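K.L.:
Quick one, what's the 3D model for this:
(one chain, ligands or ions: 1)
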Amino acid sequence: MSEATFGRQAILGVLRNRNFHGSFLVLLFGYYALVYYFGELVDFAGWETLRWDFFYGVHDIHRLFFLIPIIYAGYVFRVKGAVIVTLAAFIVFLPRALVISPFTDPITRTVVFTIVAGIIGALTGIAHNESERSNRLETLVRSERDKLLGIFERMEEGVLITGPDYRIRFMNPSMIRDFGEGTGSPCYEYLHKFDAPCDQICKLPNVIEGKIERWEYDFPDGRTYEVLASPYVDSDGAVCQLATFRNITQRKKVEMELIKLDRLKSEFLSNVSHELRSPLTSIKGVISSLLQKDVNWDGETREMLLTGVSEETDRLAGLVTNLLNMSKLEAGVWQPEKERCHISDIINGALEQQKWIHKNHVFKTDIAPDLPEIYADYSQIRQVLINLLENAVAYSEEGTQISVGAKTVDGTVEVSVSDQGVGIPQEDLGKIFDKFYRGTQKRKQLGGTGLGLAICQALVHSHGGQIWAESKVGHGSTFYFRLPIVEPENK
Ligand code: ADP
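P.N.:
A predicted model of the protein is given here:
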């Protein structure tokens, strides 16, 4: 502690000591009592040199001196102190008024003075009491505010206190982190770059009237905040708005995703029901016709009808396979059983099957010689290829070409499936691998559930690979996937 601080502390200590004030008051009172009777003392002692006129005149002036100890007592010891000292002063005045004073009405003047002095002393006490009470209250309010602000400082949510004039009075660090410093500026300017309060968004007038309000702010940069505002009385007594800002951008995104997923699921369900029903209806139709006893089907018609049944059954099987695969993937029970294999074997196997089913498309291959082995689940990668080939067929005209290529790129084997079909708009390329997502392009073949590419992506990822598509609307699409080559030590 410095010397100056120590000195100040010592003085404050003395000033707070009531005994000191008591003693000082007694001295002050004694001094003025002595002055009051000094003329009589001079007469009694015969101090001729001190016989001044001042001590012998009307004593109203002398009585006025007593205001000093009375006000002092009122200030330090409040109303009680002022009353005691006033009474003591009256007792001091009495002998002169009753016995000594040669003037008229000394008693009346003494009594009037005592009453007025007593009132002044009591008022001093009351005023000091009041000012001390309001000081105490102010300190209490300030310390409560400091405590509250301390809590706000540590809050993860943003906190903003705005005055009734829309000026920002307080921002906690989270608010500053998210929006920058803005204390002192109008909230509408700080948050929205507006020139004046916006009645549509702003709830401050309601809050100041005592309401609790909750609303959401969408900012142009894509962030969404949930705001909870309630009235708050600041240390200066002004009713302000205390608002917490919670960043709910992520939650909003998830909600939107869930809504989208929900919509896609409903579409998927109606789609699947339709896809299951239509082959079943045509199969049932063909079988009923064949069972008609009164109709004699020739061999050619019978074969045509049965081929139709077979195709519809394939479609059903494909659909059910996709559904089963997706549910197996979702349940995590379709783990790849990897083994060393050649991608060319998988491509050729899948192509043979597709060539046989889709006789009206032209299938080509461009497989680099001496491709290294990959470490993969044969049936899963075959499924990927089948899904891609079926899409290539489904979204292109009969007679067009579908090419399958394979080569090594950056330590991986890259497989591509290209068609000359309708193509995919750029904005859809990021979404086509989502579950249940279906583009607006028309399928040339029946079927489709929006699951095929999602299954491809899940299977390629479970092999540590990547899958993507490139496309030009009206010219065709190419789907690529890459699978890691077997590490030398695994060979
Ligand atoms: P779907 O059962 O609808 O074919 P997919 O998951 O296989 O579902 O494909 C998702 C979407 O991607 C399709 O609805 C389609 O819009 C688009 N798509 C997939 N493959 C092709 C392709 N070869 N050509 C054009 N669009 C395609």
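K.L.:
now the strands: where do they sit in the stretch 251-400 of the chain?
P.N.:
339-341, 362-367, 374-376 (DSSP state E, counting those that start in this stretch).
K.L.:
Any residues of this structure in contact with the ligand? List them.
P.N.:
391-392, 395, 419, 421-424, 432, 437-439, 441, 448-454, 477 (C-beta under 6 Å from any ligand atom). (Glycine included, C-beta is placed from N, CA and C.)
K.L.:
what's the most buried one of the strands of the stretch 251-400 of the chain?
P.N.:
Compared across these, strand 374-376 shows the largest average neighbour count, a mean of 24 (mean count of other C-beta atoms under 10 Å).
K.L.:
what's the pLDDT at M1?
P.N.:
Here, the pLDDT recorded for M1 equals 58.
K.L.:
For the strands of the stretch 251-400 of the chain, give me CSV that also has mean pLDDT.
P.N.:
Output for the strands of the stretch 251-400 of the chain, formatted as CSV (pLDDT from 0 to 100):
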stretch, mean pLDDT
strand 339-341, 91
strand 362-367, 96
strand 374-376, 92
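K.L.:
So for F54, which of those strands sits nearest?
P.N.:
Each of those was scored for nearness to F54 using C-beta to C-beta, and the closest is strand 374-376 (120.7 Å).
K.L.:
Show me what that closest one is in contact with.
P.N.:
336, 338-343, 346, 381, 413, 463, 483-487, 490 (C-beta atoms under 8 Å, 6 or more residues apart in numbering).
K.L.:
Excluding residues flanking it in the chain, which one is nearest the residue in the stretch 301-450 of the chain that the ligand sits nearest to?
P.N.:
Closest to the ligand within the stretch 301-450 of the chain is G439: 2.2 Å, counting by C-beta to the nearest ligand atom. Using C-beta to C-beta, 6 or more residues apart in numbering and skipping the chain neighbours, the partner closest in space to G439 is D428 (5.1 Å).
K.L.:
which element follows the helix or strand containing that neighbour toward the C-terminus?
P.N.:
D428 belongs to helix 426-429 when assigned by DSSP states H and E. Proceeding N to C from helix 426-429, the next assigned helix or strand is helix 452-462, under DSSP H and E.
K.L.:
Just the residues contacting that next one, thanks.
P.N.:
Helix 452-462 has contacts (C-beta under 8 Å, 6+ apart) with 322, 325-326, 329, 335-336, 377, 380-381, 383-384, 387-388, 390-391, 432-437, 466-467, 479, 481, 483.
K.L.:
Next, the buried residues of that helix.
P.N.:
By neighbour count with 16 or more other C-beta atoms under 10 Å, helix 452-462 contains the buried residues G452, L453, A454, I455, C456, Q457, A458, L459, V460, S462.
K.L.:
Same question for stretch 395-403.
P.N.:
In stretch 395-403, counting by 16+ other C-beta under 10 Å, buried: Y395, S396, T400, I402, S403.
K.L.:
and it, how far apart are its ends?
P.N.:
Start-to-end span of stretch 395-403 (C-alpha to C-alpha, to the nearest Å) is 14 Å.
K.L.:
so who does the closest residue to V233 other than its chain neighbours touch?
P.N.:
Spatial nearest neighbour of V233, excluding adjacent residues (C-beta to C-beta, 6+ apart): V239 at 5.8 Å. Counting by C-beta under 8 Å, 6+ apart, V239 touches P164, I208, P231, Y232, V233.
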